[in-house]
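Q: Let's see this in three dimensions:
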Amino acid sequence: MDEQLEYDELFELLEKNYLKYNRKDFIELDPISIPHLFTNKQDIEISGLLTATLSWGQRKTIISNATSLMRLMDFNPHQFILHHTTNDLKSLATFKHRTFNGIDALQFIVALQSFYKKFPSLEGYFVQKLESNRDMTNALASFKTDFVAAMSLKRSAKHLGNPNSNSTAKRMCMFLRWMVRKDSQGVDLGIWQQVSPALLYLPLDVHTSRVGRRLGILQRVQNDWKAVDEITNALKNLIATIRLNMTLLYSVWVWMALYEKGIQKIVCPSFILILIF
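A: I've put the predicted structure just below:
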């Protein structure tokens, strides 16, 4: 097989998966369906952050439990965050998703209330942090520090990753992708207009890291922030300007398709396709 044939074959594979998953039909099968329930910016942010935080395990369970959490907030999360009563919070006691329980839900609500009293939206917080230093690594680390500081019980800190502690911060990276990335298909929400998609980092997990190593664009053995930085920069270096679709297409779904194909390593010119759709 010559290089041109390999290029064409890869294009067909990526285009097939791009069309399969970057469409509205995909939304209902993914946790991103939860913030899509809302139209108010703050409701989208809150539901997105909470859903991303719950996003480990089976998708069906994530969606079910995230929906239950929204129901406990009367499907009006911003108003609930700002104006809940003590009795309102009692209903959260029975909530549980894996290691995230009612205590954690309460702590997140307490912290979110503190944030929304200071900023009209979570975007405002990130814009402020990025003004002096356009470094999402530090912005994510600051977010965790300030979010945990607003909690009355620090045990819930474990549910937020911190790049400065070398965590992959996968769920926060995914949340940011949901808020920032926007295209004509409308899978990601793209409600944050003041944060550049060029600042996004790849949501790294066991699947994306495994395939990244098979493709030769990730050398680091450990799955940590250094690996996130390495693979994100490898993608950026392939083209002069990062495109909006990068973090969507380099996702578990596209890469699992590649992995199942048994592709061991792909030349860089072919790999650029992932960035330019």
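
Q: going forward, measure contacts and count neighbours with C-alpha atoms only.
A: Will do.

Q: Tell me the spacing between residue 24 and residue 189.
A: 11 Å (Cα to Cα, to the nearest Å).

Q: quick one: which of the two has more around it?
A: Set side by side, residue 24 and residue 189 show more neighbours around residue 189, with 23 against 14, by other Cα atoms under 10 Å.

Q: Now do the same contact list for residue 160.
A: Residue 160 is in contact with 53, 144, 169, 171-172, counting by Cα atoms under 8 Å, 6 or more residues apart in numbering.

Q: And for residue 49?
A: Residue 49 touches 172, 175, counting by Cα under 8 Å, 6+ apart.

Q: ok but it is inside a helix, no?
A: Yes. According to DSSP: H, G, I helix; E, B strand; the rest coil, the state of residue 49 is that of a helix.

Q: Got the confidence number for it?
A: For residue 49, the model assigns a pLDDT of 98.

Q: Residue 235 too?
A: 73.

Q: Kindly provide the distance from it to residue 19.
A: From residue 235 to residue 19 the distance is 21 Å (Cα to Cα).

Q: higher neighbour count, these two?
A: residue 235 (20 against 11).

Q: The more buried one in helix, strand or coil?
A: Under three-state DSSP, residue 235 comes out as helix.

Q: from here on, count from 13
A: With 13 as the first residue, the last one maps to residue 247.

Q: show me where pLDDT drops low in this structure?
A: 13-27, 29-30, 250-289 (pLDDT under 70).

Q: Between the contacts of residue 172, which sits nearest residue 230?
A: residue 181 (17.2 Å; Cα to Cα).

Q: so who does the closest residue to the closest one other than its chain neighbours touch?
A: Closest residue in space to residue 181, ignoring its immediate chain neighbours: residue 173 at 4.1 Å, by Cα to Cα, 6 or more residues apart in numbering. The contact partners of residue 173, by Cα under 8 Å, 6+ apart, come to 156, 179-184.

Q: same thing with residue 181?
A: Counting by Cα under 8 Å, 6+ apart, residue 181 has contacts 172-175, 215, 237.

Q: One more: residue 104?
A: Applying Cα under 8 Å, 6+ apart, the residues near residue 104 are 81, 84, 114-115, 117-118.

Q: Let's see that with 7 Å instead.
A: 84, 114, 117-118 (Cα atoms under 7 Å, 6 or more residues apart in numbering).

Q: okay, those in JSON lines with neighbour count next?
A: Shown next, in JSON lines, are those (neighbours: other Cα atoms under 10 Å):
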{"residue": "84", "neighbour count": "18"}
{"residue": "114", "neighbour count": "19"}
{"residue": "117", "neighbour count": "19"}
{"residue": "118", "neighbour count": "21"}
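
Q: Just the closest of the residues you listed to residue 151, please.
A: residue 117 (22.8 Å).

Q: Which helix or which strand is home to that closest one?
A: For residue 117, the enclosing helix or strand under DSSP states H and E is helix 114-130.

Q: leaving aside the residues next to it on the chain, what's closest to the residue nearest to the spatial centre of the chain?
A: Of all residues in the chain, the one closest to the mean position by Cα atoms, centre = their mean is residue 186, 0.6 Å from it. In this structure, residue 186 finds its nearest non-sequential neighbour in residue 215, 5.6 Å apart by Cα to Cα, 6+ apart.

Q: follow-up on the earlier one: can you tell me which of the contacts of residue 172 has the most neighbours?
A: residue 181 (26 neighbours).

Q: For residue 117, list the residues it contacts.
A: residue 104.

Q: residue boundaries of the helices in the stretch 13-162 of the chain?
A: With DSSP state H, counting those that start in this stretch as the criterion, the stretch 13-162 of the chain has helices at 15-33, 36-39, 53-65, 71-84, 89-95, 98-102, 114-130, 134-144, 148-161.
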